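Engineer: fold the following and give me the result.
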Amino acid sequence: MKYLARLLTVLLLAAAAALAAGWWWLQAPLSLSTPSVELSIEAGSSPREVAQAWAAAGVQDDARLLYQWFRWSGQARQIRAGSYEVHQGDTPRDLLGKMVRGDEVLEQLRLIEGWNFRQMRAALRKAPALKQSTAHLSEAELMALLGAPGQAAEGRFFPDTYAYSRGVSDLTVLKRAYRAMQKHLDSAWAGRSEGLPLKTMDEALILASIIEKETGIASDRKLVSAVFINRLRIGMLLQTDPTVIYGLGEAFDGNLRKRDLQTDTPFNTYTRGGLPPTPIAMPGKASLLAALHPAQSRALYFVARGDGSSEFSEDLAAHNRAVNKYQRGR
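Structural biologist: The predicted structure follows:
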């Protein structure tokens, strides 16, 4: 009996020592090969594979210990796919907590109001840790992937800041931007002012893109919209330089010449009536709303004052005086 009692005591002491060691290990900082270690966990990875991947990435603690911790915590099946990072001082508890909470390392891509489709794709190519899966696709192929075959890509993506996990596909970000534009456009169209000379949401998007490129300061936005709405109502040419520049494409060298205004293209609003065939840029929410809620104004002309704002006129004589004042220095 004494032997059994001693054996039981030894076993209890050993178990207590093991528990104490385990508790100490859970609270102790991980041993890292570098100041921080990053890992992208693929969907479907098993807890054992996750533990081994951390060890391979630079966590120098035994992968078997990590795996056992994942198991005995009861949270092994709650580990989420994503990109994670541990730093000096993080413990095994911290590591598991990040993966269970989905506390990922995120990158950001900012799409700017007024950018065209070419500029947006250039930003995608430069975005850090973004998987390039669409760079080789044509515009038509990309739009088909987004479920919009035959639709022009220009202006169809909402300018905003998009956070994404490292290693995610650029198509994922594009889908979010495309859906965001659809949502904002649908909402703006549903609440539009009455009596506008705009027949479809596409026409509203085109006009919003022109407003985006023509507006120097926010307070002028609805007046710029009013000028174009008034011109559309009476069948007057829009005569807006940004559409001409867009039509020139990469041939535009920064200097818009008289011959450019006289050369007919589908986007030359000096030679063709109505709206151009597609948007010319990504409009923001403010420009979408301005296109569908123009200011109450009879203005038909505007000219830049040189400080970002514009001078608006109801007739050509007043406009010519404004041009002389602000553009010709008279």
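
Engineer: what's around the nearest residue to residue 115 once chain neighbours are set aside, how many residues?
Structural biologist: Leaving aside its chain neighbours, residue 115 sits nearest to residue 282 (5.4 Å; criterion: C-beta to C-beta, 6 or more residues apart in numbering). Placement of C-beta: from N, CA and C, glycine included. Residue 282 has 28 neighbouring residues, counting by other C-beta atoms under 10 Å.

Engineer: so residue 282 makes contact with residue 158?
Structural biologist: Yes. The pair residue 282 / residue 158 is scored as a contact, 7.1 Å apart, by C-beta atoms under 8 Å.

Engineer: hey, what's in contact with both of these two?
Structural biologist: 111, 181 (C-beta atoms under 8 Å, 6 or more residues apart in numbering).

Engineer: mind listing what's buried along the helix or strand where residue 48 lies?
Structural biologist: Assigning secondary structure by DSSP states H and E places residue 48 in helix 47-57. Buried residues in helix 47-57, counted by 16 or more other C-beta atoms under 10 Å: 47, 48, 50, 51, 52, 53, 54, 55, 57.

Engineer: likewise stretch 206-224?
Structural biologist: Neighbour-count burial for stretch 206-224, counted by 16+ other C-beta under 10 Å, picks out 206-216, 220-224.

Engineer: tell me how far the ends of it are from each other?
Structural biologist: Stretch 206-224 has an end-to-end distance of 14 Å (C-alpha to C-alpha, to the nearest Å).

Engineer: quick one: mean pLDDT for it?
Structural biologist: The pLDDT scores in stretch 206-224 average 96.

Engineer: cool, and stretch 244-260?
Structural biologist: 90.

Engineer: end to end on that stretch, go ahead and measure it.
Structural biologist: Start-to-end, stretch 244-260 (C-alpha to C-alpha) is 7 Å.

Engineer: contacting residues around that stretch?
Structural biologist: Contacts for stretch 244-260 (C-beta under 8 Å, 6+ apart): 116, 118, 241, 261, 265-270, 276, 280-281.

Engineer: filter the residues you listed to the buried ones?
Structural biologist: Buried subset of those (neighbour count, 16+ other C-beta under 10 Å): 116, 265, 267, 268, 269, 270, 276, 280, 281.

Engineer: show me what contacts the last one?
Structural biologist: Meaning residue 281. 113, 114, 115, 116, 154, 155, 209, 212, 213, 242, 246.

Engineer: before we move on, what SS does residue 189 have?
Structural biologist: Here residue 189 is recorded as helix under DSSP: H, G, I helix; E, B strand; the rest coil.

Engineer: one more: the one 4 residues further on?
Structural biologist: For residue 193, the assignment made with three-state DSSP gives coil.

Engineer: so the residue nearest to it when sequence neighbours are not counted versus residue 225, what's the distance?
Structural biologist: The shortest distance from residue 193 to any non-neighbouring residue, by C-beta to C-beta, 6+ apart, is to residue 293 (5.2 Å). Noted for residue 293: a distance of 8 Å to residue 225, by C-beta to C-beta, to the nearest Å.

Engineer: try residue 327
Structural biologist: With C-beta to C-beta as the criterion, residue 327 and residue 225 are 22 Å apart.

Engineer: between these two, tell me which one has more neighbours.
Structural biologist: Counted by other C-beta under 10 Å, residue 327 and residue 225 do not tie: residue 225 has more neighbours, with 26 against 13.

Engineer: what's that one in contact with, if anything?
Structural biologist: Counted by C-beta under 8 Å, 6+ apart, residue 225 has contacts 207, 211, 290, 291, 293, 294, 295.

Engineer: how many neighbours does the closest residue in space to residue 81 that isn't next to it in sequence have?
Structural biologist: Leaving aside its chain neighbours, residue 81 sits nearest to residue 43 (4.1 Å; criterion: C-beta to C-beta, 6+ apart). Neighbourhood size, residue 43 [other C-beta under 10 Å]: 7.

Engineer: doesn't residue 43 belong to a strand?
Structural biologist: No. Using three-state DSSP, the assignment for residue 43 is coil, not a strand.

Engineer: need the buried residues of helix 47-57 in JSON lines (columns: pLDDT and distance to residue 105).
Structural biologist: Output for the buried residues of helix 47-57, formatted as JSON lines (pLDDT from 0 to 100; distance: C-beta to C-beta, whole Å):
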{"residue": "47", "pLDDT": "94", "distance to residue 105": "20"}
{"residue": "48", "pLDDT": "94", "distance to residue 105": "23"}
{"residue": "50", "pLDDT": "94", "distance to residue 105": "16"}
{"residue": "51", "pLDDT": "94", "distance to residue 105": "19"}
{"residue": "52", "pLDDT": "95", "distance to residue 105": "20"}
{"residue": "53", "pLDDT": "93", "distance to residue 105": "15"}
{"residue": "54", "pLDDT": "93", "distance to residue 105": "14"}
{"residue": "55", "pLDDT": "93", "distance to residue 105": "19"}
{"residue": "57", "pLDDT": "91", "distance to residue 105": "13"}
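
Engineer: looking at the contacts of stretch 244-260, which is nearest residue 89?
Structural biologist: Nearest to residue 89 among those, counting by C-beta to C-beta, is residue 118 at 44.9 Å.

Engineer: and that closest one, that one's in a helix?
Structural biologist: Yes. Assignment of residue 118 by three-state DSSP places it within a helix.
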